[in-house]
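Participant: Got a sequence here, can you model it:
(one chain, ligands or ions: 1)
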Amino acid sequence: MRIVIVGSGYVGLVSGACLAKFGHEVICVDKDKGKIDKLNSGEIPIYEPGLEALVKENVAAKRLSFATDLKGSLEGAKAVFIAVGTPESRRGEGYADMKYVFGVAKEIAPLIKDYLVIVDKSTVPVGTADRVEEIIREINPEAAFDVVSNPEFLREGSAIGDFERPDRIVVGAHSEKAKEILREVYNPLNISKDQIVFMDPKTAELVKLISNAFLAVKITFANEVADLAERIGADGIKALMAMGLDGRVGGKFLHPGPGYGGSCFPKDTKSLEKTGQQAGSNLTLVEAAIKANSGRKARMVSKISKALGGKVSGKNIACLGLTFKSNTDDMRESPALVILPTLAEKGARVVAYDPKGMEEAKRAMDEIDGLSYADSSYAAAEGADCLVIMTEWDEFRGLDLEKIKGLMKGNVIVDLRNIFYKERGKIRELGFQYTGIGVSD
Ligand code: UGA
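Facilitator: Numbering: from 1, shown residues only. So this is what the prediction gives:
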């Protein structure tokens, strides 16, 4: 099947490469000529494990190509996926800027010749599919088309695996014809078990928002349990793990840390909160999670300060990890963006290192007095009073801690991701003063 994907960002590129691997003929279209030129020369604009190889393999097999021309690309296509950004709008928190999605709808409308399925993959407010349909109808009343909602559930850092082994594929469609085309699109995933859950478009749009919001609430619950456990002298990590063994609860997304970040949870929780408020049906748990998560960074600063004896002023702090999670170069809504400048403002000298996020971090936190960058964990640790683990990169788990100890001036480790939770006894034997999350021993 010939499939066009509009928007070659994170979602568009991963979906395009994976759909091409299924055997479809996929054209990824983007207005940004620079980006398309780079993709055509084999350069991948984002860091996502496995993506570069997957793109190369499918380009070589002539199943995947990149173009700026929507009109030519749509010739003979059965489905077009909208995978453009929906950033926060200038109207404020909770409002998505829909100009890119609606802009694509307006561009597609006059180009529809034969029946076309327009699939919305971007994360959008509930009701967007109906609006896209109206826009297209207004411009081209004769066009034969259906608008379908097909939200994505890809995690950065493991997006290809999530695409290839989904827990479910959510499709919001009214017409049987559209459903049939979506079945064909996802056919390779549907062979052993029917993975597609069909519903109406509005419900599919809601599934996306509530899925992210529920996970954000789950993480926030874990964060608050961890804080409580620290205060009362219990092991919060063990408690959460044991709770998660109950199949009704589930152990995933119960890892406490510096707060959830990224381009999805913060935005989608606020979007759902707004939807609830507008409908007069408030989601109080989601509202509480948003509030708790935003206060979490200040709490982490206090934790670091406490580990350093009550003040950070004049201290050298090495910060390992900057991205909002590991295996990505994405800095959007990363806790580091608040925690590091706050430490620097309070008079600490912060030296930061991240395996993949340095470029993005420097762009986002340029020219902050007291904040500088190092080329490796060891270089960051030199002369430090305290080592803060901010992101759970695997390479930090393998650090030579004796070497780190020799390089540091002080002996404090604050592990905001609990990567050394199991080894904390050994770490203390090496002479470190170790503080994790959710444990007081
Ligand atoms: C999230 C969802 O997990 C995907 O299903 C969804 O498709 C995606 O948003 C999206 O809407 O596009 P992502 O933001 O890439 O994916 O990352 P997650 O792995 O979900 O992590 C989000 C944040 O929660 C990170 O800051 C992470 O460190 C934090 N987190 C996650 C915790 O603090 N504890 C946990 O136990 C899990």
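Participant: buried residues in the helix or strand harbouring Ala204?
Facilitator: Taking DSSP states H and E as the criterion, Ala204 maps to helix 201-232. Neighbour-count burial for helix 201-232, counted by 16 or more other Cβ atoms under 10 Å, picks out 201, 204-227, 229-230. Placement of C-beta: from N, CA and C, glycine included.
Participant: after that helix comes which helix or strand?
Facilitator: Immediately after helix 201-232, counting by DSSP H and E, sits helix 236-244.
Participant: tilt between the strand or helix carrying Asp130 and helix 201-232?
Facilitator: Element membership for Asp130 (DSSP H and E) is helix 128-139. Interaxial angle of helix 128-139 relative to helix 201-232 (axes from the mean of the first three to the mean of the last three Cα atoms, to 10 degrees): 150 degrees.
Participant: got the angle for whichever helix or strand comes after helix 128-139 vs helix 128-139?
Facilitator: Remark: after helix 128-139, the chain's next helix or strand is strand 145-149, criterion DSSP H and E. Orientation of strand 145-149 against helix 128-139 (the same axes, to 10 degrees) gives an angle of 160 degrees.
Participant: Near the ligand, which residues of this structure are found?
Facilitator: Residues of the chain lying close to the ligand (Cβ under 6 Å from any ligand atom) are 123, 152-156, 212, 215, 219, 253-255, 257, 260-262, 264-265, 324-325.
Participant: What mean pLDDT does the helix holding Ala204 get?
Facilitator: In this model, helix 201-232 has an average pLDDT of 98.
Participant: which strands and helices sit next to it?
Facilitator: Judged by 3 or more Cβ pairs under 8 Å, 6 or more residues apart in numbering; DSSP states H and E, helix 201-232 is in contact with helix 128-139, strand 145-149, strand 169-172, helix 236-244, helix 265-279, helix 284-307.
Participant: Adding mean neighbour count and mean pLDDT, write those out as JSON lines.
Facilitator: Formatted as JSON lines, the helices and strands packed on helix 201-232 follow (neighbours: other Cβ atoms under 10 Å; pLDDT from 0 to 100):
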{"stretch": "helix 128-139", "mean neighbour count": "18", "mean pLDDT": "98"}
{"stretch": "strand 145-149", "mean neighbour count": "25", "mean pLDDT": "98"}
{"stretch": "strand 169-172", "mean neighbour count": "23", "mean pLDDT": "98"}
{"stretch": "helix 236-244", "mean neighbour count": "17", "mean pLDDT": "98"}
{"stretch": "helix 265-279", "mean neighbour count": "20", "mean pLDDT": "96"}
{"stretch": "helix 284-307", "mean neighbour count": "18", "mean pLDDT": "98"}
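Participant: got a list of what the residue lying closest to Gly276 once chain neighbours are set aside touches?
Facilitator: Once flanking residues are discounted, Gly276 sits nearest to Leu283: 4.3 Å by Cβ to Cβ, 6 or more residues apart in numbering. Going by Cβ atoms under 8 Å, 6 or more residues apart in numbering, Leu283 touches 213, 272-273, 276.
Participant: for those residues, which one is nearest Gly103?
Facilitator: Closest approach between the contacts of Leu283 and Gly103, by Cβ to Cβ: Leu272, at 24.2 Å.
Participant: Correct me if wrong: that closest one contacts Phe214.
Facilitator: No: between Leu272 and Phe214 there is no contact under Cβ atoms under 8 Å: 9.7 Å.
Participant: Please state the backbone phi and psi of Val80?
Facilitator: phi -130, psi 130 (degrees, to the nearest 10).
Participant: burial measure for it, as a count.
Facilitator: 25 (other Cβ atoms under 10 Å).
Participant: State the helix or strand in which the nearest residue to it once chain neighbours are set aside lies.
Facilitator: Computed as Cβ to Cβ, 6+ apart, the closest residue to Val80 that is not its neighbour in sequence is Val4, at 4.4 Å. Using DSSP H and E, the element containing Val4 is strand 2-6.
Participant: What is that strand packed up against?
Facilitator: So strand 2-6, by 3+ Cβ pairs under 8 Å, 6+ apart, packs with helix 10-21, strand 25-29, helix 70-74, strand 79-82.
Participant: Contacts for the shortest one, please.
Facilitator: Applying Cβ under 8 Å, 6+ apart, the external contacts of strand 79-82 come out as 1, 3-7, 12, 15, 74, 101, 104-105, 108, 116-122, 132, 150, 181-182, 185.
Participant: before we move on, what about the first one?
Facilitator: Residues outside helix 10-21 that contact it (Cβ under 8 Å, 6+ apart) are 3, 5-6, 8, 26, 28, 30, 39, 44-46, 48, 51, 54-55, 57-58, 61, 63-64, 81, 83-84, 121-122, 152, 154, 156, 159-160, 163-164, 185, 263, 330.
Participant: can you give me how far the helix holding Ala204 is from the chain middle?
Facilitator: Distance of helix 201-232 from its chain centroid, counting by Cα atoms, centre = their mean, to the nearest Å, is 14 Å.
Participant: Please apply the same query to stretch 216-236.
Facilitator: For stretch 216-236, the distance to the chain centre is 23 Å (Cα atoms, centre = their mean).
Participant: Same question for stretch 319-335.
Facilitator: Put simply, stretch 319-335 sits 10 Å off its chain's centre (Cα atoms, centre = their mean).
Participant: what does stretch 401-410 give?
Facilitator: 33 Å.
Participant: ok, the residue lying closest to Ala216 once chain neighbours are set aside to Thr220 distance?
Facilitator: Excluding the flanking residues, the one nearest Ala216 by Cβ to Cβ, 6+ apart is Phe265, at 4.5 Å. Phe265 sits 10 Å away from Thr220 when distances are taken as Cβ to Cβ, to the nearest Å.
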